[in-house]
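Novice: Everything below, folded, please.
(chains A and B)
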Amino acid sequence: MVIKGTTVGTLTRVDGTYSLRASVGQVLQFRFIGTAPEERTVGAADVINVTLRRVATQLDAMVVTALGQTAQLRTLGTAQQTVDGAAISETQRQNFVNALQGRVAGVEVTSSSGVPGASSSITIRGVSSISSSNQPLMIVDGLPLDNKTLNTGVLASDAPGSLTAFSNRGVDFTNRAADLNPDDIESLTVLKGPEASALYGIDAANGAIVITTKRGRAGTGGFEYSTSLKMESTREQPELQRVYGPTTISGSALGSFQYFGAPYAPGTTFYNNIDGFFRTALTQRHNLSFSGAAQDNRINYRVAMSADKQEGVVPNADYSRVNLTGASQSQVNSWLRADLSMQYALANNNQAYKGDNGPLIGLLLWPQTDNAKDWLTPAGNRRRITNLAASGEVDNPYFNVEKNRINSKNSRLIANLGLIATPVSWANVKSNIGMDTYTNENLILRHPESAYGNTYNGVLDEANDVVRNLTAQTLVNFEPYNITSELSINGLIGNQVSDFKSTTAALKGQDFLDPNFVSINNTNLRTNRTTIAQRRLVSVFGSATLNWRDYLYLTGTLRNDWTSTIPTERNSFMYPSVSGSFVFSDAFPAIKNFMTGRLRAGYAEVGKDARPYAYRPSLEYKTTSYGGYGYGFTGPNLGLKPEFARSYEFGTELGFLKDRLGLDVTWYRKQTKDQIVNDIRGSYATGFILFNLNGAVTRNEGWEVTLRGTPIENRLLAWDVQANFDRSRGKVLALPNALPESYVSDTWLFGNVRNGTKPGLSTRSLTGLFYLRNNKGDLLIDPTSGLPLRSTTFIDGGYDRQPDFTVGITNTLRHRNWSLNFLVDLRKGGDVLNATEQYLTARGLSTRTLDRDKPRVIKGVLRDGKENSATPTQNNIVVIPAMQTLYYTNISEELFIEKDINWLRLRDVTLRYQLPRRFLKTRDASVFVTGTDLLLITNYSGLDPIVNGNTAAVGGSGAAGIDYGNFPMPRGYTFGLKVAF
Amino acid sequence: MTKNIRLGACAALLAMSAGCKDFLDVNDNPNAPQVVSANLYLAPMLHWMVTSPQYDGRFVGRYTQEWMLAFGTTTLTTWDRMGYDPSSDNGAQQWRDVYWTLGQNLVDMMNKAEAEQRWDLLGVGYVLKAWGWQVTTDLHGEIIVKEAIDQSKFTFNYDTQEYAYQEIQRLLDKAIELLQKSDGAVDAAYLGRTDKIYNGDRTKWLKLAYGMKAMNLNHYSNKASYKPAEVIANVDKSLASNADDPLLTYPNTQNDDINFWGRTRGNIQTSSTGYRQTQFVVNLMNGTHTGGVVDPRMSRMLAPSPDGQYRGLDINVAGMGAFSAAQQPMNFHGYVGTGGLQQKGRYIFDDKAKLPVITYAQLQFIKAEAAYRMGDKATAYAAYKNGISAHIDWVNARNNDNGQTPTQITSAEKAAYMAAPSIVPASPSGLTLTHIMTQKYIAQWGWGHNELWMDMRRYHYTDVDPATGEQVYPGFAPPTNLYPDNGGKVVQRIRPRYNSEYVWNRAGLEVIGGLALDYHTKPMWIIEP
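Specialist: Below you'll find the predicted structure:
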């Protein structure tokens, strides 16, 4: 509550009382999220009692909007949705991003794997950028939060020409937003379209997630402590055939990991190597906070500490985090208010490799006739079982998780100082200056004896990334001004200056002296590399809202950005947005008796810049004979200009039965033109190999529907349900210079499939060396082998990883002291490549190879010159796969792209019991049990269809939906206790 | 607090003032320069000028039957069957290096050199430019010359090989003109800082330019416009002895600066597969076609079998054929199977062996061929003898680069070999094309793949010397089991780089017929009459 026209204000105590010094005639404004605002003029009475209506309708609720402002939902012309912080922390997920799937219509979260600390990417309204990030801007208390996932491109191993590059495959690092303690989040608002985030500028072209952290409140002072213990285990394990033995075996040593040999002799001893590899992982978490406010409420404070230690179901994988948070607000004098918050986070993460050199592939490939748990020789070295080169023999999984390491430590400080001054009664100035700074130390070890590291006698990568992001923002808010008695206007103008800088010092050491001493100092061949990336932004912006009789609102915004990453002559660009809201149930009171409702419409443009140093090629130090300089792969584009997205959206919000039933429907379309495509290829005749070009056009459109209701509400039982439906379609309309295909090379991680897209295809398509077909769509068969022919260029096969729709349903049931929350997440459609299965098939381990002795004729037509005639020759060549193992080994990835994958998963379920009041003399106490990813029903044949073959660092559609040697999400049970004194 | 207000106010002002421009001026890449001194561009280009042909030599060397991929294989590979790997960049390393490694770097270097009047460096630039077009057109036929190195274009038209050849001559003439200049900022120390081939000696670069011109002009041998006298004139102004050879010494500090054929890099013997010499090359040296006169170089260049004999593989039989373990040729480093790591190799198959761009011996054989064709057998005879003698010395020199395992060829061995009439006929009249071309083959074996393949294509692999009725390359026969897409024809060219052209410039390929499945069998302009 504030005194109107000033920043003087206070918060009520938990019992609802308040005190505030005000003069007669001043107006007190009472606001509370989720209630309708009230105003009272101060008279002679010392006590002013106000009852805030729990809003009759959602429409009157106060919500957080762009730039951390609050407004009544009814005034907004664009779609946004808020998640309560408690709902996020209740999921007990370490990375709050993972808690968002299903809770907001249009938000899609993809975790890279089920290993602790795995990166998660988040997209709002689908994939629109072909090669750049599609992730939204994260804002904490008004200033940007860095959500970077370390890109392996900065490692010394990934220097151009290096033979030890990772290319974001096989390794993963946490997305840094996970440094935030979920328990510090008061609320999280998702601004979905560029309309809502036009005010946040170019970094919010993919939407924005606005997080407000907790502050102390008068009357609620005291300690709060919660603790929980989570147990996680794997859900499912892959199945392998146990009939046919290895193809080549000499003595006891294998000649390969192919299993196309003679059947195992009866009585062969098998070891279940998979069993016992995974462990039951324990996680403990402690949250302690202390908060309160001074009696007169001029100062409030909150300090919190949390410690989280999570084990992975994969041995030696873990994630721990310590957070320290302090926040304080104070009323300095009658016209100035200060808000200072600081967050410190210390994280330590150990992950296992994935993909080609990960333990899962080793686990699957390891001969079942050998006990994999016996992984060391008596001398303490890697136990070998083949006569392949050490680099050609897949690592024993137990050896792998013990000896290879991916460790990442992060130490982060976020500070935010806000000042709100009210120099005049009709305007206030809010100024924030903040820094988000962290040091991220990474150590990636490929052990000298391991398959991955043997060629180089061990490879150790270290990379220390020092990130320093500074932002200053000033807003001038103008109080509503009544133009006439029916029309008022309010608005703001503002400016923002940001400086983002990351300096990575990377080292690589090869050729270990002592194989087990992990230090660069222990290596014989060392290389180093520095990568600096700096980007600066300056913006000015303004917004004005016209309010006609409190039921018709029109908002216009205008923003100008200047960016350092675009050539100077084009680095300034302006874009507008306009949106309106019409509360028809207030305009036509007759309607109000049975429903409330409003219509929304918005149009916005938003620009977007390039990554740093994108338009001028730079010279690289070459490691060929006698050094020297030469250009890197990427060519110049001095004509680079910002890309622009134009979007429209229309929506309606309806409330029925005194708002017990609500419906929110939004349709949007966003078209991005001049889209900058990074690293698109061209003919080498240009003098270069890759380019950063303008010229792609993509279109995203979709529907978002939120249905909420309270089917039951009585003394015994209350049941709230909310369903979020989302259908988003992204399509590529054009590529730069009519180039035939664009793909992100990191996604070409398995066989010959990659996230290639072409005009007319989805932004999440896959291209590959797929089977050739005649004009009728029949497979073309090689007349000499009887096997299908594959294309020699990357072609479209009609595959799309984009789901038809997703639905998230949250339920809250309350009965006396019991409450039950659960979230069901449902997805329909979208293709997933089960690369692990292809890998196993090509090696004769998949159970689908069990019929290998059965002769068959592949349906198709021979490529004999008549294949496109009216009478093609039907294939009649009999193939026996066991004799012709090319049947399996040269099989196209196409057969393993599983179409239309659906799932139903029970993501989070929490049962909580509120202990009786005064129990243990606490202010508040409850016990709970939470289940995480307990149930998955899917038509996907692999372990889990939510996967990413790369990490969240990879742009465009990334390798989401490419499942290769990836650990699935485990199933977890958490038991916890929360007390407040 | 007031300080912060001031800060905020400053920030607000900053956005609206001219200071904004400076504030935003942070887009000069701090990780790497955008322009450097002209000579700093040179070293990587020189590295690749020598090394890149070796990358492609793995594949070309199978067309020319220098070797085959035998160890660790159970089927004949595409290249051993005169085919290619679809959707692969194999055989197009020179394409990459000419368009990218040289590419814009060479343009920038030459522009800077010209502006600074560094005529020696500019001349070297012209040599590099000419070298690039020469190797790419000889490998691929039609190439992109006129429109090349232009970042504003995204489809490129191919130029005819005839144009490419004329352009190479023009560039070499320009190089020859510039390398004779000593005015301006000509500076051997500046050039020598990064020119580790000739250490900045422009007179040697001049000789190289003449040598490359001789080689270019000699390729016209099947045409009426062939001018052998001009070829000879250029050879005579070119390398005067082995001492003039443009050789690159590999520093051996990391993977990228080790001899491509060294065991450490594992390019000719990987951990699973390996190349082995063919019967054809062994027969050129073991006396089969020379009346039993064994070439002393055989035991210094080729790899013995464990039993000490020198054998080659039948290119029509997969893998090691019927040889017993003791009979199977060892790898080129001189070890059984995958052996040889961290050991001394043989000949050029050693981490530290130097590799040339061209050699004096090679040019002497070019002179011999030209003289022979113009009927000047005396000149041909002298050049032929020079060539053999120089190459024997060259083999010794190479085996000394890192103290490799083969012994030096003694002067007695050399004299005996050169005295054998089947090798060096008693008089010029006994000299044949077969003599010249087989000796040139031996001198180029293992490293001179581009020119070697051009020679064989000029003689259509199996042409018969009309004077003797003997094959110019005695014993050579194309694989019996040709790659299916060949349609029964022998290979004539390598398709342009897949990931450059077949993916991103199909429009350009369409025009020259490059999309045809048998494009690699289409004879090139230069070898046609």
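
Novice: Which helix runs longest in chain B?
Specialist: What stands out as the longest helix in chain B, according to DSSP state H, is helix B:377-400.

Novice: Any buried residues in it, and which?
Specialist: Residues B:377, B:379-399 are the ones in helix B:377-400 that count as buried (16 or more other CB atoms under 10 Å in any protein chain shown). Any C-beta I mention is one placed from the backbone N, CA and C, and that applies to glycine too.

Novice: filter these down to the ones close to chain A.
Specialist: Among those, proximity to chain A is found for none (CB under 8 Å from any CB of the partner chain).

Novice: just to revisit the earlier point, what's the longest helix of chain B packed up against?
Specialist: Contacts defined by 3 or more CB pairs under 8 Å, 6 or more residues apart in numbering or on different chains; DSSP states H and E place helix B:377-400 against helix B:298-301, helix B:360-373, helix B:411-419, helix B:433-444.

Novice: which one of those is the most hemmed in?
Specialist: Sort these by mean neighbour count, taking mean count of other CB atoms under 10 Å in any protein chain shown, and helix B:360-373 sits at the top with a mean of 27.

Novice: Would you point out which residue of chain B is nearest chain A?
Specialist: Nearest residue of chain B to chain A (CB to the nearest CB) works out as B:Ala43 at 3.3 Å.

Novice: so where does that residue fall, helix or strand?
Specialist: helix B:42-63 (DSSP states H and E).

Novice: got JSON lines for the helices and strands packed on helix B:377-400, with mean pLDDT too?
Specialist: Output for these, formatted as JSON lines (pLDDT from 0 to 100):
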{"stretch": "helix B:298-301", "mean pLDDT": "97"}
{"stretch": "helix B:360-373", "mean pLDDT": "98"}
{"stretch": "helix B:411-419", "mean pLDDT": "97"}
{"stretch": "helix B:433-444", "mean pLDDT": "98"}
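
Novice: So what sits opposite A:Val497 in the bridge?
Specialist: With DSSP bridges as the criterion, A:Val497 is bridged to A:Ala472, A:Val538.

Novice: can you count the residues close to it?
Specialist: Residues contacting A:Val497 under the criterion other CB atoms under 10 Å in any protein chain shown number 25.

Novice: So the residue of the stretch 401-550 of chain A found nearest chain B, which state does it fall into?
Specialist: Nearest to chain B, among the residues of the stretch 401-550 of chain A, is A:Ser431, at 3.7 Å (CB to the nearest CB). Secondary structure, DSSP: H, G, I helix; E, B strand; the rest coil: A:Ser431 is strand.

Novice: pLDDT weak spots in chain B?
Specialist: Across chain B, the ranges flagged by pLDDT under 70 are B:1-19.

Novice: Domain-wise, how is it divided?
Specialist: According to automatic domain parsing, chain B comprises the domains B:40-68+B:89-248, B:264-458.

Novice: With chain A instead?
Specialist: Per automatic domain parsing, the structural domains of chain A span A:1-54, A:80-237+A:278-358+A:395-522+A:531-764+A:801-831+A:899-980, A:765-795+A:832-891.

Novice: list the contacts for A:Ala198?
Specialist: A:66, A:204, A:557, A:559, A:575-577, A:604-606 (CB atoms under 8 Å, 6 or more residues apart in numbering or on different chains).

Novice: Can I get the buried ones among those as something I can paste into ChimeraX?
Specialist: Buried members of the contacts of A:Ala198, defined by 16+ other CB under 10 Å, are picked up in ChimeraX with:
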select /A:66,204,557,559,575,577,604,605,606
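
Novice: Among the contacts of A:Ala198, which one lies nearest to A:Leu282?
Specialist: Closest approach between the contacts of A:Ala198 and A:Leu282, by CB to CB: A:Ala204, at 39.0 Å.

Novice: so how far is B:Met298 from B:Arg118?
Specialist: B:Arg118 sits 46 Å away from B:Met298, going by CB to CB, to the nearest Å.

Novice: now A:Lys854
Specialist: Here the criterion is CB to CB. By it, A:Lys854 lies 53 Å from B:Met298.

Novice: one step back: in JSON lines, list the helices and strands packed on helix B:377-400 along with distance to A:Ala472.
Specialist: Listed next are these as JSON lines, based on distance: least, CB to CB, whole Å:
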{"stretch": "helix B:298-301", "distance to A:Ala472": "71"}
{"stretch": "helix B:360-373", "distance to A:Ala472": "69"}
{"stretch": "helix B:411-419", "distance to A:Ala472": "81"}
{"stretch": "helix B:433-444", "distance to A:Ala472": "68"}
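
Novice: Need those in TSV (columns: distance to chain A).
Specialist: Converted to TSV, those look like this (distance: least, CB to the nearest CB, whole Å):
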stretch	distance to chain A
helix B:298-301	24
helix B:360-373	22
helix B:411-419	32
helix B:433-444	22
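
Novice: Distance check, B:Gly430 against B:Ile409.
Specialist: To B:Ile409, B:Gly430 is 24 Å away according to CB to CB.

Novice: So between those two, which is more surrounded?
Specialist: Using other CB under 10 Å as the criterion, B:Gly430 and B:Ile409 rank with B:Ile409 on top: 19 against 13.

Novice: Report the rounded mean pLDDT for the strand or helix carrying A:Arg729.
Specialist: For A:Arg729, the host element (DSSP H and E) is strand A:717-734. Strand A:717-734 carries an average pLDDT of 95.

Novice: what packs against that strand?
Specialist: Using 3+ CB pairs under 8 Å, 6+ apart, strand A:717-734 sits against strand A:690-713, strand A:805-815.

Novice: which stretch among those comes nearest A:Ser120?
Specialist: When the helices and strands packed on strand A:717-734 are compared by CB to CB, strand A:805-815 sits nearest A:Ser120, at 15.8 Å.

Novice: what's the angle from the closest one to strand A:690-713?
Specialist: 30 degrees (axes from the mean of the first three to the mean of the last three CA atoms, to 10 degrees).

Novice: following strand A:805-815, which helix or strand shows up next?
Specialist: Next helix or strand after strand A:805-815 toward the C-terminus (DSSP H and E): strand A:818-828.

Novice: Please verify my assumption that A:Thr666 contacts A:Phe725.
Specialist: No. With contact defined as CB atoms under 8 Å, A:Thr666 does not reach A:Phe725; the gap is 10.4 Å.

Novice: if you compare the domains of chain B, which one is most tucked away?
Specialist: Ranked by mean neighbour count, those are led by domain B:40-68+B:89-248 with a mean of 22 (mean count of other CB under 10 Å).

Novice: mind checking the SS state of the nearest residue to A:Ser819 once chain neighbours are set aside?
Specialist: Distances taken as CB to CB, 6 or more residues apart in numbering or on different chains put A:Arg912 closest to A:Ser819, at 4.9 Å, once the chain neighbours are dropped. Per three-state DSSP, the local secondary structure of A:Arg912 is strand.

Novice: quick one: contacts for A:Arg912?
Specialist: Going by CB under 8 Å, 6+ apart, A:Arg912 touches A:90, A:818-821, A:926-928.

Novice: excluding its backbone neighbours, what's nearest residue 178?
Specialist: You didn't say which chain, so I picked chain A. In space, A:Ala178 comes closest to A:Asn95 once its chain neighbours are excluded; the distance is 3.9 Å by CB to CB, 6+ apart.

Novice: That was the other one, I meant chain B.
Specialist: Nearest residue to B:Leu178 in three dimensions, chain neighbours excluded: B:Gly123, at 3.6 Å (CB to CB, 6+ apart).

Novice: Write out the residues of the stretch 101-250 of chain B neighbouring chain A.
Specialist: For the stretch 101-250 of chain B, the residues in contact with chain A (CB under 8 Å from any CB) are B:101, B:103-105, B:107, B:144, B:147-151, B:153-156, B:194, B:196, B:248-250.

Novice: mind listing the helices for chain A?
Specialist: Secondary structure of chain A by DSSP H: the helices cover A:85-90, A:194-197, A:359-365, A:397-403, A:584-587, A:589-592, A:835-842, A:886-889.

Novice: okay, those, which one's buried deepest?
Specialist: For the helices of chain A, where neighbours mean mean count of other CB under 10 Å, the stretch averaging the most is helix A:194-197, with a mean of 31.
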